[in-house]
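Visitor: this one's structure only:
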């Protein structure tokens, strides 16, 4: 079983964090490979950046999808996930999607806890795109700046624990979802300091990708994720152009 | 990793079906054990029977939970799931829950397809308990009687395929969830005759139970699934009475 | 007109409280009888206990339903109500249901006020089962322990008034519903100390049971509460087994 | 206990129908009086007519509310109900409200069945004003014209039974609510020809008015139905002007 | 293009405020005329007063609709809007409707900010009638009394700015809608003191009325706003009686 | 007042259609300019293509926003609208948004009618992004292929009228929204053959853009559409890179 983890952010330090967290729960026999976006921003936090990252996801998949049994869009917010699901036949799962759905098996409502105010609007749109509002107790964002995105989970660790405790107290929170690629690997470390289960999205994502690969769903020929008919295009990467054109 | 699959129905033929489907996607190294309810009905299809089956789930878990890393409530409708989640520390996942959440990673809306009209009201309550209405395109039930519950999936195979195709055409259906313990193992067999992905709930449940066991969520001390305070009771099984009393 | 009030809790002191409150608004000519559960816990406050109490409701109704024109499930949370409604032909109303629907005729949104934190998760599920979320301004629970369940309404009276006032101020609360069998009879006593109408669920329940008996609805042969087809079972009380088997 | 039934329609033949249905389930000791609107249309079926009828309700209550323990707005659609509830201290219940809430105790979803297409838009607004969408399986309206509003229930009896059966089959209907003052008294007559319970709104309304009178809720001083502060006005009936001005 | 702005309040000072705000953004070539209600209250703030004002809207339109290309119901809460839309062929837009829909083009959620607590219940019903709950972040009302309705926007200016800032901070507010005819003209004045866009409802209403007049939608002959069939009535103004009777 | 209409499709024939429709209702004094995307597909109909078109919208606005008072994203589905709204200070309105919100002033529910099955999934996501589900009676799509996108409105005219009539009959449709840039200009032509109002999205969009320009909302510094903080990026167009970096 071969899984491709796509980091639509341009920071390879984040790719390393994501990969390490995923490997900590990898099943025997699974091959995990990673790729980092060449275009865009170090870490995605806005609608604008998600558009850029979403297109990166598609270009990477257009190049490499044939070699894998499943793929992961490894940014919370899942940029390009819907497009990838309609365009390619292999199962694709998003970091946010995997984290939220896994949390649903641990309680009725999850709180999304993240490291910066800037992420709120995009994450909210992500929750709504997945129609998960009824399961989400709120998005809780740490205040203040941080020094470096690759170490933000260390710098903000205390703040994130405090924020999680506030979510538990104020909201109707049964589970904490630590959101954002930069927080990959943090959940197991703070697990014992929270009064409810906490989900690491990178761990959830690799397990869910394996599950999808094991179940081997067929590519849709009907429904809202059926592959669109062939179309010509101008100015896209050759692999993406070819995929859209059924060439 | 040790998983207990609890069949709250009294039919051991159904337990065999469920186990076979689960084993077809079992990860290397996972130990799967099964148990069949001693009290109740051959297969649960009503609110009344779900109350009986739910209590069976609790009694079985009270006896055996210490020996497992996770458990499955292996009847669609998930009888006793909420109670089990508040009462025990190991992760517990329901057959319906696993099937529906796994389907969510394959498309926007799933249709529930099952073998008898009688199951509709209880399944509908299950969808609403999980707050999955926004992801569910409808519950589609085959008409007519059947000969024997243990072979209903063979007897109704053609009808279920036709019903699935109707769900795909009429509803806004991206994924089919074949619902009910008696249908365990059917999905892979009819996979190529449907135009959208189809989920086998027993396969989904074992993989999700493994995922929960791998992520090792802590037992909740807060939130709506925190373990209730100790209480005396009259007339329950000794193990369940002891669990409720924190003895 | 004969009404059976079923207390699914095992505390007969609570039965007395419920009966006294009901008798205070009983119509001339109505015969009210009560019964207390033999199995379970003194007062139900969790999903687990509601499963046990729900089965008690069914066993009692199986024994006695022929002698009454309507029945009341006299625990807030309405354990076994849905099952009772599908299994028996006489109208059955729940304590929570009667309280909430009666409150709906006094204002747009009601707040549920109760005596202990432990009741929240189960009450929330009850509100959702009745699809009353759009009418519910929240569940407000008193903090702290109490000495004895049969006198909790006296011990917590001041706290419940304060909590109601908070609900009125904070929430969008038009009506207070005092929730839980142990609070039966309290509403009329504190009526003049609250700025909005307050509903006593036991009073509401007996009046609504009388209304249902007066309207004499037929038992459903269609819809989601039609009586299920006959089925064999193992290990149930003889009367319940017979009812499920149409014997 | 004294109840005033206000018919906001100008047809006294409808008042007679409503009164007869109510009397069929009147509790011993209840005094029921009726009044018919002097201004407006024979039977209300549009938003425009409901505005006119709503103002009639207020003018009648302003004149007579002191003499009653509760009042009924006896047109489905409940014209003026919200205004009456904020302006007067006695409990007021609507025909639609009573019918729908009573139906909620007989099943999960009710279908509204009525005698003319023209009523649909206004009834839909009524359902939404009561935030009862989650309990309503649809509004089913008979096609075609009718001869005389006072006999429409006889003329359309067969059509209404057929329509109810369609609602039972097509919708997710557990209960039928026969809607519209002109249908008062029909439900008990066709009860045995439908496969689910059927609610007569006039019967439901008188019983619910009695229940409210028995529970004696206080007039709200807080919440969204608190009585508005005094205000001068021009051109209203003297009693209504005085009530609005707290004179 | 000729637009009629109907003030259903009896205060002509408010009419002047509304007109001045509308004229500040009037398109070249548009003729704007205004009319003030003869019956009712100086400014509408309750359900009762909205019934009275709604009927005024209809009577005025019945007299004058033939001379205009579109009309505005110029009280927040839109009294009589639905009835006007079904009864007349020219487009009619409400003050609240125009303000809310225009705000939707500036952000995801708007907060309604107004000058008195008394307006809350009616405004909430207005939001729900328009099915705009998913776009509304809340209704924020200034506390305390005021001296004169025609100058309340000056007296409460500081309080309204503070309240808007609270809405921005507490709620999920992208846009402020200043609500109530008495606030017409305030938004442009405080625009630079708020951190999000602010909508003046009178400005929005005149532009939206112009838009509707420009698009020239046909009067509905189908759907829920089709013109009702002719009906006789008693006691209405001659013009309204004639319109209802298709004379 | 200067408005930029951005066609994120690459077909300039569609730009011509859009412009002609907009000019038919242009206010005196408004300057309208158009631009056609250089990269992407002739007409956008999928999530994938919307990602590409969305990025085009941003690149064009980054180049040209300083010269306009408002902009239009002239593809139904509004690709890039949310990102544009957070990134630029001038008001931006989408073709779908303008069509749907304008339709809301003509009735309670609108039906979206379009020329091809392929557009359904993307349009549905658009409706949900705008949280307009409660106002949308459904998306109705013509069956079958067509010859050329620039003439599809002529080729499918009869089919679209028939489809609209079906929407009016089957759905709860008060207004028809003709959806898709290729249908610009069709609505006025078929207006008299439909029984409810019909909205031309290009007409609605230019009028709403004018309205926004006239109201001059300030750029948000708070809320979910505040401009994101500066960030470096790799591989974007120079103007877009500069805008994201606040250069």
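Guide: Yep, that arrived. In this text, all values refer to a predicted model and were calculated from it rather than measured experimentally.
Visitor: how about the strands of chain A, start to end?
Guide: A:2-7, A:31-36, A:70-73, A:92-94, A:110-114, A:136-141, A:175-178, A:198-200 (DSSP state E).
Visitor: Format the ones you listed as CSV; extra columns: mean neighbour count.
Guide: (Each C-beta comes from the backbone N, C-alpha and C, glycine too.) Below are those laid out as CSV (neighbours: other C-beta atoms under 10 Å in any protein chain shown):
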stretch, mean neighbour count
strand A:2-7, 24
strand A:31-36, 17
strand A:70-73, 29
strand A:92-94, 30
strand A:110-114, 29
strand A:136-141, 20
strand A:175-178, 30
strand A:198-200, 27
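Visitor: quick one: which of those strands is nearest chain B?
Guide: strand A:92-94 (5.3 Å; C-beta to the nearest C-beta).
Visitor: who touches the closest one?
Guide: Outside strand A:92-94, the residues within contact range by C-beta atoms under 8 Å, 6 or more residues apart in numbering or on different chains are A:61, A:70-73, A:77-78, A:81, A:84-85, A:205, A:208-209, A:212, B:105.
Visitor: Count residues in the vicinity of the closest residue to residue A:143 other than its chain neighbours, would you?
Guide: Leaving out its chain neighbours, the residue that sits closest to residue A:143 by C-beta to C-beta, 6 or more residues apart in numbering or on different chains is residue A:117, at 6.4 Å. A total of 15 residues lie near residue A:117 under the criterion other C-beta atoms under 10 Å in any protein chain shown.
Visitor: what pLDDT does residue A:117 get?
Guide: Per-residue confidence (pLDDT) for residue A:117: 95.
Visitor: Which residues are in contact with it?
Guide: A:141-143.
Visitor: For stretch A:85-103, what is the distance to the chain centroid?
Guide: Centre-to-centre, stretch A:85-103 and its host chain are 8 Å apart (C-alpha atoms, centre = their mean, to the nearest Å).
Visitor: And the pLDDT for residue A:5?
Guide: pLDDT, read off for residue A:5, is 98.
Visitor: Show me what counts as buried in the top helix by length along chain A.
Guide: Criterion DSSP state H: the longest helix present in chain A is helix A:47-64. Neighbour-count burial for helix A:47-64 flags A:47-62 (criterion: 16 or more other C-beta atoms under 10 Å in any protein chain shown).
Visitor: Are that helix and chain F in contact anywhere?
Guide: Yes. Helix A:47-64 is in contact with chain F by C-beta under 8 Å from any C-beta of the partner chain, via A:47-52, A:54-55, A:58.
Visitor: Same question for stretch A:147-165.
Guide: No. Shown here: stretch A:147-165 not in contact with chain F (C-beta under 8 Å from any C-beta), separated by at least 10.6 Å.
Visitor: try stretch A:230-247
Guide: Yes. Using C-beta under 8 Å from any C-beta, stretch A:230-247 comes into contact with chain F via A:231-236, A:244.
Visitor: Quick one: end-to-end length of stretch A:97-110, please.
Guide: Using C-alpha to C-alpha, to the nearest Å, the end-to-end distance of stretch A:97-110 comes to 12 Å.
Visitor: Is that stretch positioned near chain F?
Guide: No. In terms of C-beta under 8 Å from any C-beta, no part of stretch A:97-110 sits within range of chain F; the closest distance is 14.9 Å.
Visitor: And the average pLDDT for that stretch is what?
Guide: 98.
Visitor: and what of stretch A:12-28?
Guide: Taken as a whole, stretch A:12-28 has a mean pLDDT of 97.
Visitor: where's stretch A:136-152 relative to the chain centroid, distance-wise?
Guide: Counting by C-alpha atoms, centre = their mean, stretch A:136-152 is centred 16 Å from the centre of its parent chain.
Visitor: Check stretch A:211-228 too.
Guide: 19 Å.
Visitor: List the buried residues in it.
Guide: Buried, per 16+ other C-beta under 10 Å, within stretch A:211-228: A:211-215, A:217, A:219-220, A:223-228.
Visitor: Kindly report the same for stretch A:81-97.
Guide: In stretch A:81-97, counting by 16+ other C-beta under 10 Å, buried: A:81-88, A:90-97.
Visitor: ditto for stretch A:115-130
Guide: Here stretch A:115-130 shows A:115-116, A:118-130 as buried, counting by 16+ other C-beta under 10 Å.
Visitor: which among the buried residues of stretch A:81-97 gets closest to chain C?
Guide: For these, the nearest to chain C is residue A:97 (24.1 Å; C-beta to the nearest C-beta).
Visitor: Spell out the residue ranges of the helices in chain A.
Guide: Secondary structure of chain A, counting by DSSP H: helices at A:12-23, A:47-64, A:81-87, A:95-104, A:120-129, A:152-155, A:157-170, A:186-190, A:201-215, A:238-244.
Visitor: pLDDT of the second one, averaged?
Guide: Confidence for helix A:47-64, expressed as mean pLDDT, is 98.
Visitor: near chain E, which of the contacts of strand A:92-94 show up?
Guide: Counting by C-beta under 8 Å from any C-beta, no member of the contacts of strand A:92-94 reaches chain E.
Visitor: Just the closest of these to chain D, please.
Guide: residue B:105 (27.6 Å).
Visitor: what sits against residue A:208?
Guide: Residue A:208 neighbours (C-beta under 8 Å, 6+ apart): A:93, A:97-98, A:101-102, B:105, B:211.
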